[in-house]
Structures are given as structure tokens and as C-alpha cells.
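Chemist: Please find the sequence and the predicted model below.
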Amino acid sequence: MWLTLPAVTPQGPLTTRFAPSPTGRLHLGHAYAALMAWNAARQTPGGRFLVRIEDIDSTRCRHEFEAGIFEDLQWLGLSWEEPVRRQSEHLGEYTGVVDSLTRQGFLYPCFCTRKDIQREIEAAGGAPQGPEGPLYPGTCRHLAPEERQRRIDSGKSHALRLDLALALNQLCDQPSLAWQDEWKGPQTAQPGQLGDVVLVRKDIGTSYHLAVVWDDAFQGVNLVTRGEDLFAATHLHRLLQALLGLPCPHYAHHRLIRDGDGLRLAKRDGARSLAELRSQGWSPDQVREAVGLVEPG
Ligand code: GLU
């Protein structure tokens with residue numbers, strides 16, 4: 001299946017990106033995502049294809065995996081603009097984004113551990129379910145300012161969470177936040193799905209959500225192609241774009257590549273890597289065929 005975009009696409013040339021995290025070798029699912037972005041960029045004259053290395057989590061990312069990403073993409077026949085953006089080299093920009101949200105009062109410190117959250121949910125007899133599990137019960141949202149300060153001063157580590165109710169309230173005089181999915185059609189953002197999500201992790205000072213929203217805008221990406229597992233995240237990203245005054249790209253959430261048992265391929269489950277397939281004699285065309293992408297003749 002070739003990515004055929006319907007009539008409603010961003011004006012002018014498309015800029016797309018493939019944004020892997022170097023936490024393991026790429027597998028067929030990554031090949032599919034990269035090819036989707038590459039194919040989409042090539043549908044408009046002057047289209048741009050970017051590769052972005054999402055390596056904010058220094059505990060999981062490794063240089064040799066980054067080298068492997070470039071090797072695999074080259075082998076697939078893709079080329080991309082240099083220099084490649086590495087998120088780890090732009091942490092100061094994400095801090096600026098955090099400062100902007102903090103100044104506007106949209107973030108609050110959360111001192112809870114996973115265990116605290118679990119206990120709180122059990123005590124309350126459950127919590128609303130989000131797409132990624134139970135929603136945060138809001139424990140630290142209710143802390144008095146003095147208590148927050150006392151805990152910070154005592155050196156207690158904390159994340160920063162989005163105060164969703166406050167953010168939605170701020171935007172209530174705006175028409176509903178819309179975004180366009182190239183396959184599913186026009187969408188109205190439902191940013192509440194993930195609740196008071198962590199936007200600044202305790203350990204890395206930023207988060208996937210925050211960095212990806214900033215980078216896509218900063219790099220002029222106007223079509224985000226990515227897996228449908230991130231569909232709910234896009235609703236949150238639309239809200240963040242509104243809070244930060246950033247443009248909203250178009251999106252194309254694609255299906256996920258699954259193994260013979262219907263399970264989504266994952267690095268941690270030892271999905272066969274492209275490097276392994278290559279060493280077994282696979283060709284790039286066989287990869288394209290395996291993921292259902294065959295270039296029109
Ligand atoms: N770094 C993310 C991943 O590897 C990509 C997410 C995105 O495309 O927005 O899953």
C-alpha cells in the first residue's frame with residue numbers, strides 16, 4: 001500500500017520526519033514508519049525528509065544504536081538532511097518550553113512515586129482509565145503552595161505535571177481545537193484522555209510529549225507520520241501546541257506492523273532486527289514487501 005494523501009494536505013512542500021529512539025536495533029515496524037515518512041515527503045516537489053534522534057533518555061539510549069539506525073536507513077535506500085537533530089543536544093530549548101508553561105501556571109510539581117499513585121488509586125476504589133492505564137488521581141495538584149515549597153527545599157525529587165483543568169479553562173474561549181488526520185479525517189482534540197500527564201520527568205528534565213511538540217514545530221514538520229499507538233498522544237500534543245502558540249502540523253497515523261501472533265513488534269521482545277534480516281540475505285525490496293509497501297512501477 002502506497003501512502004496516498006487525500007486532497008487536504010498542508011500547503012506547499014511536505015516536510016516529514018522519522019524520529020526513532022536509539023534504544024535498540026530497528027525492526028520491520030521502524031522500516032515501515034521510516035518508509036511512510038520518506039514516501040510522503042517524496043509526493044510533493046521540494047518535499048523534505050528529516051531523521052531526528054530522540055535520545056533524551058540517556059539511561060536507555062546508546063551511540064551504537066544510533067549508528068545502527070543510520071546504517072539501516074541507508075541500506076533501505078533512504079537519504080535525509082544533515083545535520084540530524086539529536087534531542088540530547090537541545091535540552092536547553094526544552095527547558096525554555098518548560099519555563100514558558102510554568103510562567104503560565106500550567107505545571108505543578110508531583111512528588112508521587114509509582115507506588116504512591118497505586119496506593120492512592122486503590123484507596124479511592126479506582127480511577128478513570130486512560131489509553132495508557134489509570135489516570136493520575138491528582139494527589140499533588142491539591143498540595144498547598146507552602147507544602148510544595150517545603151518538599152522542594154528538602155530536596156525531594158519531583159516531576160512536573162500538566163494541570164489539565166487549568167489548561168482547558170484557559171482555552172475555553174477558543175473554538176474547539178481541531179487537527180487533521182490524513183486518513184481518519186478531521187479531528188477535534190480531546191486532550192483530557194491522558195489526564196494530568198507528566199511533562200517533565202524526574203530523571204531527564206523533559207518528556208517525549210514536550211520535546212516532540214517543540215521539535216516538530218521548530219523543524220517545520222508539517223506532516224507527522226507515525227504509528228496509531230500515538231493517536232491519543234496527538235490529542236495532548238494539539239493542546240500543548242495551543243498553550244505554546246505553536247503551529248499544528250497535519251498527522252497521518254499509520255497501522256502498526258505485527259508479528260505472526262498479531263502482537264506489535266517491539267525491540268524489547270527481541271523482534272528480528274533489520275540487521276539480522278540483512279545478514280540472512282534479505283534485500284531492501286523484501287523489507288518493503290514484508291511491510292506491505294511496494295513502490296508503484
Ligand atoms: N521516538 C518515538 C518512538 O520511537 C517517535 C514518536 C513520534 O514519531 O512522534 O516511538
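Modeler: Looks like it arrived, so ask away. Numbering: from 1, shown residues only.

Chemist: is it true that Pro186 lies in a helix?
Modeler: No. Using DSSP: H, G, I helix; E, B strand; the rest coil, the assignment for Pro186 is strand, not a helix.

Chemist: hey, what's it bridged with?
Modeler: Gln180 (DSSP bridges).

Chemist: where does the spatially most distant residue from the centre of the chain land in three-state SS?
Modeler: Taking Cα atoms, centre = their mean, the residue of the chain most remote from its mean C-alpha position is Glu146, at 34.4 Å. Under three-state DSSP, the three-state class of Glu146 is helix.

Chemist: per-residue pLDDT, it?
Modeler: Turning to Glu146, the model gives it a pLDDT of 97.

Chemist: swap in Arg103?
Modeler: So Arg103 comes in at 95 (pLDDT).

Chemist: That one and Ala41, how far apart?
Modeler: 36 Å (Cβ to Cβ, to the nearest Å). Placement of C-beta: from N, CA and C, glycine included.

Chemist: If you count surrounding residues, which of these two has more?
Modeler: Ala41 (23 against 9; other Cβ atoms under 10 Å).

Chemist: right, and that one touches Gly47 too?
Modeler: Yes. Counting by Cβ atoms under 8 Å, Gly47 is a contact partner of Ala41 at 3.8 Å.

Chemist: overlap in contacts of these two?
Modeler: Leu14, Thr15, Thr16 (Cβ atoms under 8 Å, 6 or more residues apart in numbering).

Chemist: For the ligand, state which of the residues you listed is nearest.
Modeler: Comparing the shared contacts of Ala41 and Gly47 against the ligand with Cβ to the nearest ligand atom places Thr16 closest, at 10.3 Å.

Chemist: Look up which helix or strand the closest one falls in, please.
Modeler: Thr16 belongs to strand 15-18 when assigned by DSSP states H and E.

Chemist: any chance you could map the helices in the stretch 101-250 of the chain?
Modeler: Counting by DSSP state H, counting those that start in this stretch, one finds helices in the stretch 101-250 of the chain at the ranges 114-123, 145-153, 164-170, 208-218, 231-244.
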